[in-house]
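Engineer: output the structure for:
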Amino acid sequence: MPRAALLLLPLFLLPLAAGGCTPVGVAVGAGATAATASQSERGLEGTARDIAIKTEINHYLFQKNVDLFSAVGLSVEDGRVLLTGSVPRPEDRIEAARLAWKADGIREVINEIQVVDNSDIVDKARDTWIETQLETQMLFDSGISSINYDVDTVNGTVYLFGIAQSNAELQLVINHARNLDYVRNVVSYVRVKGAS
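Structural biologist: Numbers count the residues shown, from 1 in each chain. Predicted structure coming up:
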């Protein structure tokens, strides 16, 4: 099987993970996934590569420890990996980064996992609310190509990851994030298209 076909395979298998899909539903889901991936800055092949990396890292995390797997958030863009989430021990934070480096095609691992004693359900609900609000604002802002961004929020800190079309677009995203209730900090690992 050609390498490109292997890279694209996860895109078409992704809708199957939802389970209970009819063949028509699978075809529509696979088509929508492929169409969305082709519209992103990374293109279809780049998106497929990143999905393969993310799948491999998740596999390592799950094999090591189910709690670690569920505690770590993961974004991948062009071989760059952003780890977020919260864990109870510093060793868990280090282990997550070590496991991420094991995946093929990794160019950089950014470890923003927080070490906290206990994160309560109210904080998690606020983080989810922040993410939902920010993603909605980005989607409806015509100055932002929201498909190129990943947003993760941990204990009120918003982490931005992806590719901006310009510095002006990135500033719009950061401003949206800063103006939301409960946001304590905004950390951007977004690359600007064309910048080194």
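Engineer: every contact and neighbour count from this point should use C-alpha atoms.
Structural biologist: Will do.
Engineer: got the phi and psi for the residue minimising distance to the centre of the chain?
Structural biologist: Centroid-nearest residue in the chain, with CA atoms, centre = their mean: S75, separated by 2.9 Å. Phi and psi for S75, reported as degrees, to the nearest 10, are phi -130, psi 140.
Engineer: domains of this structure?
Structural biologist: Per the record, the chain has its domains at 3-115, 121-192, by automatic domain parsing.
Engineer: three-state assignment of the nearest residue to D104 once chain neighbours are set aside?
Structural biologist: In space, and not counting its chain neighbours, D104 is closest to I53: 6.7 Å by CA to CA, 6 or more residues apart in numbering. What DSSP: H, G, I helix; E, B strand; the rest coil gives for I53 is helix.
Engineer: burial measure for I53, as a count.
Structural biologist: Neighbour count of I53, defined by other CA atoms under 10 Å: 25.
Engineer: report the buried residues of the strand or helix carrying I130.
Structural biologist: Using DSSP states H and E, the element containing I130 is helix 121-140. Within helix 121-140, the residues that qualify as buried by neighbour count (16 or more other CA atoms under 10 Å) are R126, D127, T128, W129, I130, E131, Q133, L134, E135, Q137, M138.
Engineer: the fifth one and N179, how far apart?
Structural biologist: The reference is to I130. 10 Å (CA to CA, to the nearest Å).
Engineer: and the residue nearest to the centre of the chain, what does it touch?
Structural biologist: K54, V81, L82, L83, D150, F161 (CA atoms under 8 Å, 6 or more residues apart in numbering).
Engineer: just say helix, strand or coil for V151.
Structural biologist: strand.
Engineer: I figured it was touching Y159, is that so?
Structural biologist: Yes - V151 is in contact with Y159 according to CA atoms under 8 Å; the separation is 5.8 Å.
Engineer: who has more neighbours, the two?
Structural biologist: Y159 (23 against 18).
Engineer: wait, doesn't that one sit right on V190?
Structural biologist: No - assessed by CA under 8 Å, Y159 is found out of contact with V190, at 9.3 Å.
Engineer: hey, which helix or strand in the protein has the poorest pLDDT?
Structural biologist: helix 23-39 (a mean of 43; mean pLDDT, DSSP states H and E).
Engineer: so where do the helices sit in the protein?
Structural biologist: Secondary structure of the chain, counting by DSSP state H: helices at 3-13, 23-39, 43-64, 66-71, 90-101, 121-140, 167-178.
Engineer: now the weakest link among those, please, by mean pLDDT.
Structural biologist: Averaged per stretch, pLDDT over those is lowest on helix 23-39, reaching a mean of 43.
Engineer: ok, now which ones touch I174?
Structural biologist: I174 sits in contact with V186, S188, where contact means CA under 8 Å, 6+ apart.
Engineer: how near is it to L74?
Structural biologist: On the measure of CA to CA, I174 and L74 end up 20 Å apart.
Engineer: same question for R49.
Structural biologist: For R49, the distance to L74 - CA to CA - is 15 Å.
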